[in-house]
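Visitor: Could you look at this predicted model? Sequence included:
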Amino acid sequence: MNFLRSCAMAAIASTLVFPAVAAERKDTVYINPFAAYQYFDDKRDLSEADTYGGGLEYRFTDRWAVEPVYSRANVDRKGAPGESDFDEIRMDIIYYFANPTEAVNPYVSFGGGHADFGEDASAPLTSGSNHDETRVNVGTGIRYNFTDSFSLRADLREFHGIDESTFDTQVSLGLSFAFYRSVAAPADSDNDGVPDESDECPGTPAGATVDSTGCEPDGDRDGVADARDACPDSTLGAEVDSRGCEPDSDNDGVIDGVDQCPSTTPGATVDERGCEGVTEVIQTFEVDVQFANNSSVINKAYDEDLRRVADFLEKNPRTFVEVAGHTDSVGDADYNQFLSQRRAEAVAARLVDSLGVDPSRVKASGYGEERPIARNDTAEGRAANRRVEALIQVER
């Protein structure tokens with residue numbers, strides 16, 4: 001029992017001196033000397049006894065280990081003077097509930113082996129025969145790591161002697177000395193959790209959220225991470241500044257890519273085209289363009305009808321045209337708006353591509369079923385509402 005008290009004092013002292021230190025490990029070998037106190041089944045006619053031994057444990061993964069163990073004791077008889085020698089060799093399999101670098105490592109184990117009790121205490125005392133026995137065991141315990149190389153292990157184990165159907169109990173306390181192979185962690189210069197060899201964005205800011213490639217999310221793929229993108233919906237492929245926004249040279253709130261008046265007066269109120277002033281519709285041309293069902297394709301047959309619009313724009317250089325597409329109310333409203341936009345764009349494209357109108361003077365808008373000019377509950381009304389209009393506008 002003096003050995004057990006010494007182990008306990010060493011454990012208390014170590015908690016005050018040595019912190020648990022984490023380390024990267026490949027596998028670990030422990031040398032495990034221990035002292036135990038063993039309670040023998042009443043069938044054995046043996047007294048409780050101090051037991052001493054050691055194990056060589058191989059922890060081949062973070063959680064699994066195997067350990068051959070040898071232990072021995074000199075055991076007093078209960079019913080007669082004298083002693084019985086006890087020797088055992090066994091093999092245990094251990095499962096840990098924590099990684100080897102953590103301070104506290106609880107475990108369970110099971111195993112089996114061969115025990116030699118010397119003079120057979122279960123036989124008549126005068127027999128003088130030796131008693132060999134196969135024993136299996138289950139146990140539980142805890143390992144406490146004071147340093148990477150030194151730990152304390154406490155263990156409670158129950159043994160079952162198969163030959164005589166006996167049950168023995170052992171409680172032990174021991175020291176462990178660890179030897180392990182270190183494995184260098186993959187280099188991760190920006191500490192984002194993605195190794196440098198796989199990191200496509202090696203300079204991410206500290207604490208930033210990254211994907212599997214080590215890059216911060218960039219929803220609009222403009223090269224500016226979402227966390228710093230002031231314009232998260234910029235046009236795909238557009239040039240953006242450091243804030244993730246498309247250029248707006250005159251700072252009027254309309255990006256250069258769609259600004260038809262790129263040099264407006266600072267502070268001026270502008271429309272969606274980036275132009276100052278208030279627009280007024282001065283002429284409306286209804287364009288008699290027929291589309292196939294669910295189609296926005298337009299052919300050259302309607303160029304003569306569209307020529308009137310092009311000629312008017314040519315004679316009135318300060319005007320521009322909004323091609324407005326409309327539908328009836330049959331079908332889904334969102335789809336109708338989408339279809340009217342496609343049809344308006346088809347007419348606008350014909351004005352620009354075939355009739356030579358400056359694209360800066362043409363705008364296409366789809367209004368869907370929002371602006372009917374007739375009732376939608378009659379065939380005639382629905383036909384009137386399915387129209388394309390060319391709205392000639394001028395700034396006032």
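Guide: Received the coordinates, thanks. Numbers count the residues shown, from 1 in each chain.
Visitor: Can you read off the backbone torsions of A344?
Guide: phi -60, psi -40 (degrees, to the nearest 10).
Visitor: no, scratch that, I was asking about F338
Guide: Main-chain torsions, F338, degrees, to the nearest 10: phi -60, psi -40.
Visitor: And it, how close does it get to R387?
Guide: Taking CB to CB, to the nearest Å as the measure, F338 falls 17 Å from R387. Yep, even glycine has a C-beta here, placed from its N, CA and C like the rest.
Visitor: out of those two, which sits in the more crowded spot?
Guide: Neighbours were counted for F338 and for R387 using other CB atoms under 10 Å; R387 has more, 21 against 15.
Visitor: wait, isn't the more buried one in contact with H326?
Guide: Yes: in terms of CB atoms under 8 Å, R387 counts as a neighbour of H326; the distance is 5.1 Å.
Visitor: between those two, what contacts are shared?
Guide: I373 (CB atoms under 8 Å, 6 or more residues apart in numbering).
Visitor: secondary structure element for V108?
Guide: strand 104-119 (DSSP states H and E).
Visitor: Can you report how many residues lie near the closest residue to R361 other than its chain neighbours?
Guide: Nearest in space to R361, with sequence neighbours left out and distances taken as CB to CB, 6 or more residues apart in numbering, is F320 at 4.1 Å. Residues near F320, counting by other CB under 10 Å, number 22.
Visitor: Next up, the contacts around F320.
Guide: Here F320 is in contact with L313, S360, R361, V362, K363, I392, Q393, V394 (criterion: CB under 8 Å, 6+ apart).
Visitor: all strands of the stretch 251-396 of the chain, in order?
Guide: All strands of the stretch 251-396 of the chain, identified by DSSP state E, counting those that start in this stretch, fall at 279-287, 319-325, 362-366, 388-395.
Visitor: What of the stretch 51-200 of the chain?
Guide: With DSSP E, counting those that start in this stretch, the ranges of strands along the stretch 51-200 of the chain come out as 64-76, 83-96, 104-119, 130-145, 150-161, 166-182.
Visitor: Return the set of residues that bridge with H160.
Guide: V136, F167 (DSSP bridges).
Visitor: per-domain residue ranges of this structure.
Guide: Listed by automatic domain parsing, the domain ranges of the chain are 2-182, 190-202+212-246, 279-395.
Visitor: what about stretch 235-253, average pLDDT?
Guide: Over the span of stretch 235-253, the pLDDT mean works out to 78.
Visitor: Start and end of that stretch, how far apart?
Guide: End-to-end span of stretch 235-253 (CA to CA, to the nearest Å): 15 Å.
Visitor: where are the low-confidence patches of the stretch 201-350 of the chain?
Guide: Counting by pLDDT under 70, the stretch 201-350 of the chain shows low-confidence ranges at 276-279, 289-295, 299.
Visitor: how about F285, what does it touch?
Guide: Contacts of F285 (CB under 8 Å, 6+ apart): R308, V309, F312, E389, A390, I392.
Visitor: list the contacts for the closest residue to the last one other than its chain neighbours?
Guide: Read that as I392. Nearest non-adjacent residue to I392, counting by CB to CB, 6+ apart: Q283, 3.8 Å away. Residues near Q283 by CB under 8 Å, 6+ apart: F312, T319, L391, I392.
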